[in-house]
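> got a predicted model here, sequence first, then my questions.
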Amino acid sequence: MAGEKKSNDFQDMLPIMADKLGGEGLIRELCNGFNLLMDRDKRVITFESLKKNSASILGLQDLSDDELLGMIREGDMDGDDALDQMEFCVLMFRLSPQLMEESEALLEFAMEMEFKNGARC
């Protein structure tokens, strides 16, 4: 529509996917997403593979190079300027506020149960 401002609002779909697919199903779907975005030869997501595949597969051609580089930097834990499968999955969880809150609550509950039951290190 003419004159309307384009919105890049992010809708967090991971909690919905987790509810519908369960833990194993969610991880399987994250792995599928990784495989779609990765460089086939290097077996990691590089800036180049993210740029190419995010536009052609995900329809995110409006993302700038800086935004794409920011995604790589945000998840790159080992400093190789790429995302391996584990880094990608961790990043997806970190970017999901609801899943992070649920994970923290489960961790707190588990720790409380361990202390109540007299767990020893």
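Looks like it came in fine.
> give me phi/psi at Ile45?
Dihedral pair for Ile45: phi -90, psi 120, per degrees, to the nearest 10.
> just Val44 next, same as before
phi -140, psi 160.
> just checking, it touches Asp78?
No - using C-beta atoms under 8 Å, Val44 is not in contact with Asp78; the gap is 10.2 Å. Where you see a C-beta, it was placed from the backbone N, CA and C, and this is true even at glycine.
> so how many other residues sit close to Gln61?
9 (other C-beta atoms under 10 Å).
> revised request: answer the last question for Leu91.
19.
> apart from its neighbours in sequence, what residue is nearest it?
Gly75 (3.4 Å; C-beta to C-beta, 6 or more residues apart in numbering).
> ok, the one you found - contacts?
Listed by C-beta atoms under 8 Å, 6 or more residues apart in numbering, the contact set of Gly75 reads Leu83, Glu87, Phe88, Val90, Leu91, Arg94.
> which pLDDT value goes with it?
In this model, Gly75 is scored at 94, pLDDT.
> next: Phe88.
The model reports Phe88 with a pLDDT of 91.
> could you verify my assumption that Met17 touches Arg28?
No - contact criterion C-beta under 8 Å: Met17 and Arg28 do not qualify, at 10.3 Å.
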